[in-house]
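K.L.:
need a structure here:
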Amino acid sequence: MTNRINQHLDAIEALVQTRMPGSLYQFELYDLATAQAYGRGALVEPMPWGSVYKLFVIAAAVQMIEEGLLQPDQQIRLEKDRFQHGEGILQQFSHLTHLSVVDCCKMIVATSDNICADTLHELVGNARVARLFVAASCTHSCLTDNLDTLIGRLLAAPHHWSTPGYMYSAEMFAAYEVVIADTLPDNCTTASDCNLLWQYLSGKAFGEQAREVFFDIVRTHNVWSRTGRYPNYYTMPKLSGKTGSLGAGTVMNETNMLYDPAAQKQLGFFSFFSQHNRLRYYEIADIMGCMGLELAKVYGVAA
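P.N.:
Next up is the predicted model:
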């Protein structure tokens, strides 16, 4: 199995090096059968979260449910007036002002809704999320800002959108890079840390009932999935988790659980982080989809 894993991870690295020249990347597969981590790239380099951190805000909320501090069906007010930056489909629904805690979590996985994420993040607080990092033995993870703050800073950068050809120009990427570099020390993680978090959340983080609540949320269909997009046409493995991006693809990330739905069995965890990208968003999305096909081959699917 080890040789098989390394063969397909080498193929993923060759794909990244060929199609994403100049990008700083790291990725790791933690395989449960061999109980080993297999990584490539700049593995100890702190990377921007993008929206990946939202998965662990959800985990913190489920812990609060388990502790009796929140109820799954408890209605929470969506702070639409305060959190207005970035992706947020609920911003378009004027009649929808509240969601249950669990539905808010599912909307974060399904659409990466920033209103839900920032509302829930404020509810659980940074301190509780930080305790998750400590409990999972993460050494490169920290979280200070919500997405409304980060996206607001990115939008405030000196852009020239009215200039023809500005979109995906070197000037656009440079403007985003300055802001991302400034936010990085207080908002960062690594692929290895994310996989440690997955392992913790699969084991000691919850009791059995709360664990099922969390992973039921994680298995919500994610319309933004990139690594999981192509493999999910196959019977197994399925990839479910959280995507993240900043600066029109300057940063592109994803962290996933791989599982066999028929056997209801986890197979492993895969996390990919990249920055300094200079490609269009959907070009990178296709590359990440091809990574997913290589992961499918690891677990016996002729993709």
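
K.L.:
Am I right that residue 157 sits in a helix?
P.N.:
No. Assessed with DSSP: H, G, I helix; E, B strand; the rest coil, residue 157 is coil; it does not lie in a helix.

K.L.:
ok, now which ones touch it?
P.N.:
Contact analysis of residue 157 by CB atoms under 8 Å, 6 or more residues apart in numbering lists 175-176, 178-179. Placement of C-beta: from N, CA and C, glycine included.

K.L.:
swap in residue 213?
P.N.:
62, 65, 72, 102, 206.

K.L.:
Show me the shaky parts of the chain.
P.N.:
By pLDDT under 70, the low-scoring segments of the chain are 84-87, 235, 301-303.

K.L.:
Mind telling me which residue is nearest the centre of it?
P.N.:
Taking CA atoms, centre = their mean, the centroid of the chain lies closest to residue 52, which sits 2.6 Å from it.

K.L.:
distance of it from residue 164?
P.N.:
34 Å (CB to CB, to the nearest Å).

K.L.:
Repeat that for residue 25.
P.N.:
Looking at residue 25 against residue 164, where the rule is CB to CB, the gap reads 31 Å.

K.L.:
quick one: which of these two has more around it?
P.N.:
residue 25 (24 against 7; other CB atoms under 10 Å).

K.L.:
In three-state terms, how would the more buried one be classified?
P.N.:
strand.

K.L.:
was I right about it contacting residue 15?
P.N.:
No. With contact defined as CB atoms under 8 Å, residue 25 does not count as touching residue 15 (10.6 Å).

K.L.:
where exactly do the strands run in this protein?
P.N.:
Using DSSP state E, the strands of the chain run over 24-31, 36-41, 47-48, 75-77, 98-100, 188-189, 238-246, 251-260, 265-275.

K.L.:
show me what contacts residue 60?
P.N.:
Residue 60 sits in contact with 124-125, 128-129, 132, where contact means CB under 8 Å, 6+ apart.
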